[in-house]
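>>> got a predicted structure plus its sequence, pasted below:
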Amino acid sequence: MPELPEVETTRRGIAPHLIGQRVSRVIVRERRLRWPIPEDLDVRLSGQRIEAVERRAKYLLIKAEVGTLISHLGMSGNLRLVEAGLPAAKHEHVDIELESGLALRYTDPRRFGALLWSELPLEHELLVRLGPEPLTELFDGERLFQLSRGKAVAVKPFIMDNAVVVGVGNIYATEALFAAGIDPRRAAGTVSRARYVRLAQEIKRVLAHAIERGGTTLRDFIGGDGQPGYFQQELFAYGRGGEFCKVCGSTLREVKLGQRASVYCPKCQR
């Protein structure tokens, strides 16, 4: 599933080709996504100029003159730019054609994504209760410490809760906890303020680095596959269960937390 850095990389890839462009028409070949695409999307969006392409958590917000298209890539979706009129293949469900001659094409084999319309996107039911963005001043260790008091839930699913902070998915939660030296199984309410300060710093560092690497390895969003790919970082824990820890040489262990695989070092993390 695309995580926050991959969604941000997508935003950066498509934004220069969308901002300032007027939509000529919207072609919907399949409306049955996670939530049905609005029947009147073509009427609402056609003729409007795109003013901004923003991101909130893992949602892309394509802001037009009157209203905003809210997009989520689901498990396997992607957005890429193609020549308008290019024949669509299977799973290529929507084209937003621009006066420039390009079209923003939405592809989603599993149809777990979304394309929704809202005049007040930040008040939409999918976004209104989201926590702060992790790379802003609204998120810090003090917030984690205060929200965690009395909680018996493990610290990893705690920091993956979108009401606590958005965008800390499985990959980046695993890596941040390793870097902060915190056992992902530890009860959130038992982690000290000082350790949460360190964890918040590592979350910011890992995500910022992922976004930076995603930007430097960005593939062509015009005519390409629209997939930024997972950035090629030196993973210390994620996906390395049973391998040797790069820091101490111990064998990394894998457990299930919140239905997700979680890898940690029994020596480096406590």
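Alright, I've got the coordinates.
>>> what helix or strand does residue 197 sit in?
Following DSSP states H and E, one finds residue 197 within helix 193-216.
>>> in stretch 27-38, what's buried?
Neighbour counts over stretch 27-38 (16 or more other C-beta atoms under 10 Å) mark 27, 28, 30, 33, 34, 37, 38 as buried. (Each C-beta comes from the backbone N, C-alpha and C, glycine too.)
>>> okay but the third one is in contact with residue 113, surely?
What it means is residue 30. No: using C-beta atoms under 8 Å, residue 30 makes no contact with residue 113, being 11.2 Å away.
>>> could you tell me how many residues sit around residue 192?
11 (other C-beta atoms under 10 Å).
>>> thinking again about what came up before, and whichever helix or strand comes after the helix holding residue 197, what does it pack against?
Tracing the chain C-terminally past helix 193-216 and defining elements by DSSP H and E, one meets strand 253-257 next. Applying 3 or more C-beta pairs under 8 Å, 6 or more residues apart in numbering; DSSP states H and E, we find strand 253-257 packed against strand 260-264.
>>> the strand it packs on pairs with which strands, and in what direction?
Each strand paired with strand 260-264, and its direction, by DSSP bridges: strand 253-257 (antiparallel).
>>> mind listing what's buried along the strand it pairs with?
253, 257.
>>> same deal with stretch 195-207?
Here stretch 195-207 shows 195, 196, 197, 198, 199, 200, 202, 203, 204, 206, 207 as buried, counting by 16+ other C-beta under 10 Å.
>>> again with stretch 237-250
By neighbour count on 16+ other C-beta under 10 Å, the buried set for stretch 237-250 is 237, 238, 240, 245.
>>> stretch 37-44 too?
Buried residues in stretch 37-44, counted by 16+ other C-beta under 10 Å: 37, 38, 41, 42, 44.
>>> ok, now which ones touch the residue nearest to residue 247 when sequence neighbours are not counted?
Using C-beta to C-beta, 6 or more residues apart in numbering and skipping residues adjacent in sequence, the residue nearest residue 247 is residue 268, 5.4 Å away. Applying C-beta atoms under 8 Å, 6 or more residues apart in numbering, one finds that residue 268 lies in contact with 178, 181, 245, 247, 248, 250.
>>> pretty sure the fourth one is in contact with residue 265, am I right?
Yes: judged on C-beta under 8 Å, residue 247 makes contact with residue 265 at a distance of 7.0 Å.
>>> so what's the gap between stretch 18-34 and the chain middle?
The chain centre lies 21 Å from the centre of stretch 18-34; the measure is C-alpha atoms, centre = their mean, to the nearest Å.
>>> going by distance to residue 19, which of the buried residues of stretch 27-38 wins?
residue 27 (21.1 Å; C-beta to C-beta).
>>> that closest one in helix, strand or coil?
Following DSSP: H, G, I helix; E, B strand; the rest coil, residue 27 is assigned to strand.
>>> and it, what are its bridge partners?
Applying DSSP bridges, one finds that residue 27 bridges with residue 95.
>>> measure it to residue 185 for me?
49 Å (C-beta to C-beta, to the nearest Å).
>>> any idea which helix or strand carries residue 55?
Per DSSP H and E: strand 50-56 holds residue 55.
>>> downstream of that strand, the next helix or strand is which one?
Next element after strand 50-56 (DSSP H and E): strand 59-64.
>>> that following strand: how far from the chain's middle?
Put simply, strand 59-64 sits 14 Å off its chain's centre (C-alpha atoms, centre = their mean).
>>> so where is this structure shaky, pLDDT-wise?
Residue ranges of the chain with pLDDT under 70: 1, 215-233.
>>> could you chop it up by domain?
2-121, 139-262 (the TED database).
>>> with distance to residue 131 added, can I get those domains in a markdown table?
Formatted as a markdown table, the domains of the chain follow (distance: least, C-beta to C-beta, whole Å):
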| stretch | distance to residue 131 |
| --- | --- |
| domain 2-121 | 8 |
| domain 139-262 | 5 |
